[in-house]
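Trainee: Sequence below, structure please.
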Amino acid sequence: MNNLQRRGLVNASVAAVATFAIGSAVVYAAGGPDDVVTPPPSTSPSASPTTPSCAPTWDVVRSANPGEAATTLLGVTAVTSAEAWAVGGLGEPEIPTAVAIQRWDGNRWLAVAGPSPGTTLNELRAVDASEPNDVWAVGRTSSGLGEQPLILHYDGTEWSQVELPPEIDGVLNGVAAISPADVWAVGSVGDPAASLERALVLHWDGTAWAEVEIGRATGGGKSALVDVEGVSPTDVWAVGYHHFQPLILQFDGEAWSRSPTEIRGTLHAIEAIATGEVWAVGMPIQRFDGETWTEAPITRADAELVDVAAIDDLDIWAVGSRPSKEPGTTHAAVFRYDDGRWVPVKGPSVAGSDALSAVDALPEGTLLAVGWKDVDLERETLAIRGTTCPPGP
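Mentor: Numbers count the residues shown, from 1 in each chain. Below you'll find the model as predicted:
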């Protein structure tokens, strides 16, 4: 999720054009070879002005698949009118051997080199930027002795690995870059296979990364955080799980505390538009109005939505996947919050099994999402661009 959109630091499109489309019709009649006759307005009592219609859509855009290795994209952030970043892994989806980094130039995604410090595993799971020369990506790495968190930074010239506090194992799943001196990363430490994982929060103060104590907010037992989102330095949100139930945390500038919810299920991502307008997606979707969390209606209960992005407080998108007719396969799912309900957004069918893993948006309506597709047992990248509708009168 990109914090640039909440602070109004970007005003232009990331895509070449992601315009607001409004249908129109022109009615005409030919009265002769030299004359054009316009019919008079109807006087029928049933005649009334028509409102131009708009149907949000999405389409596939070109993305890179370098070399022979399978490529999976897991995170995306929109930065400026001609710059966005997507990250993931190269190799087998469960054990990628090198990080995947791609850059959007307004027309297509191109592969970019980045450090892969581990000898057996390297993967980036999320990316965010506070400005074009301050981009952060987080994930995991390993050289055969367990997994360690991985953080890379782009300074406008190249990607480099950033040093972390010593003796921290585990993975990082989400990152929120509020400013060059205020960045949050979340994940977990410990072994999930043995139910020993606990939530991990790291903070960058412009000089170094440090672990932040959140034990009172999470409580005892297994827990993990999967996404983080910052509205401001004093309003940061994170989601994950605690004992297999949704875990939602909020940072007020001083300490992390739990934001209680009675809704059961799973949470994958969070989008905070303001302190009193927060969305958490998964199964089901939850909405915070400043006081309580409530479940949001959705037209297809079988969709597993894993990321969410807001163009504004009335135009919110989520992506993920839904089961297909063929067992063990899925189709990409794109949903938009419209008139109090989450509804599917139509797009082209993609051959094989496919899914979307991340989405980001800019205030002027640009929307980009990434994921993967499996065609003939080969994994390739999948990237889409969405077209939204203008706000109502």
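Trainee: right, and the helix or strand after the helix or strand containing D354?
Mentor: For D354, the host element (DSSP states H and E) is strand 353-361. Toward the C-terminus, strand 353-361 is succeeded by strand 367-375 as the next helix or strand (DSSP H and E).
Trainee: could you point out which element follows that following strand?
Mentor: strand 378-387.
Trainee: Between strand 367-375 and that next one, find me the angle.
Mentor: Put simply, strand 378-387 runs at 150 degrees to strand 367-375, going by axes from the mean of the first three to the mean of the last three Cα atoms, to 10 degrees.
Trainee: Quick check: buried residues in strand 378-387?
Mentor: 379-387 (16 or more other Cβ atoms under 10 Å). Just so you know, the C-beta spots here come from the backbone N, C-alpha and C atoms, and that holds for glycine as well.
Trainee: Send me it as CSV with only the CA atoms.
Mentor: Backbone C-alpha positions of strand 378-387 (Å, rounded to 0.1, in the frame of the first residue of the first chain) are rendered in CSV as follows:
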residue,chain,number,x,y,z
GLU,A,378,5.0,-22.7,-16.1
ARG,A,379,4.7,-19.7,-13.7
GLU,A,380,4.7,-16.2,-15.2
THR,A,381,4.0,-12.7,-14.0
LEU,A,382,0.6,-11.2,-14.2
ALA,A,383,0.0,-7.4,-14.1
ILE,A,384,-3.2,-5.5,-14.7
ARG,A,385,-4.3,-1.8,-14.9
GLY,A,386,-7.7,-0.8,-13.7
THR,A,387,-10.0,1.9,-15.0
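Trainee: Just give the closest residue to D338, not the sequence neighbours.
Mentor: Spatial nearest neighbour of D338, excluding adjacent residues (Cβ to Cβ, 6 or more residues apart in numbering): P56 at 8.0 Å.
Trainee: list the contacts for the one you found?
Mentor: 336, 338, 345, 386-389 (Cβ atoms under 8 Å, 6 or more residues apart in numbering).
Trainee: Where does the closest residue to Y337 other than its chain neighbours sit, in terms of helix or strand?
Mentor: Once flanking residues are discounted, Y337 sits nearest to I316: 4.2 Å by Cβ to Cβ, 6+ apart. I316 belongs to strand 315-323 when assigned by DSSP H and E.
Trainee: And for A217?
Mentor: helix 215-218.
Trainee: Give me the helices and strands touching that helix, please.
Mentor: Helices and strands touching helix 215-218, by 3 or more Cβ pairs under 8 Å, 6 or more residues apart in numbering; DSSP states H and E, are strand 245-251, strand 256-258.
Trainee: pLDDT wise, what is the residue nearest to D338 at?
Mentor: Looking at P56, its pLDDT reads 93.
Trainee: Next one: it from I316, what distance?
Mentor: P56 is 11 Å from I316, where distance means Cβ to Cβ, to the nearest Å.
Trainee: Common neighbours of the two, please.
Mentor: Contacts common to P56 and I316, judged by Cβ under 8 Å, 6+ apart, are R336.
Trainee: hang on, V189 packs against I214?
Mentor: No - contact between V189 and I214 fails when scored by Cβ atoms under 8 Å: they sit 11.7 Å apart.
Trainee: of the two, who's got more company?
Mentor: I214 (22 against 19; other Cβ atoms under 10 Å).
Trainee: That one: what's it in contact with?
Mentor: I214 touches 199, 201, 249, 256, counting by Cβ under 8 Å, 6+ apart.
Trainee: before we move on, back to that, against W317, how distant is the residue nearest to D338?
Mentor: 8 Å.
Trainee: Spit out the residues that contact these two alike.
Mentor: 336, 345, 386, 388.
Trainee: Lowest-confidence member of those, which is it?
Mentor: T388 (90).
Trainee: Does that one touch R336 like I think?
Mentor: Yes - shown here, T388 and R336 form a contact pair, counting by Cβ under 8 Å, at 7.4 Å.
Trainee: Name the residues contacting each of those two.
Mentor: By Cβ under 8 Å, 6+ apart, the residues touching both T388 and R336 are 56, 315, 317.
Trainee: Enumerate every residue touching the second one.
Mentor: Put plainly, it is D315. 336-337, 365, 388-389, 391.
Trainee: Kindly indicate the member of those residues with the most neighbours.
Mentor: That'd be T388 among the contacts of D315, by other Cβ under 10 Å, with 24 neighbours.
Trainee: And it, how far from A318?
Mentor: 13 Å.
Trainee: which residues do these two both contact?
Mentor: Counting by Cβ under 8 Å, 6+ apart, the residues touching both T388 and A318 are R336.
Trainee: What about the nearest residue to T97 once chain neighbours are set aside, how many residues nearby?
Mentor: Leaving aside its chain neighbours, T97 sits nearest to G91 (4.1 Å; criterion: Cβ to Cβ, 6+ apart). Residues lying near G91 (other Cβ under 10 Å) number 18.
Trainee: V350 now?
Mentor: 16.
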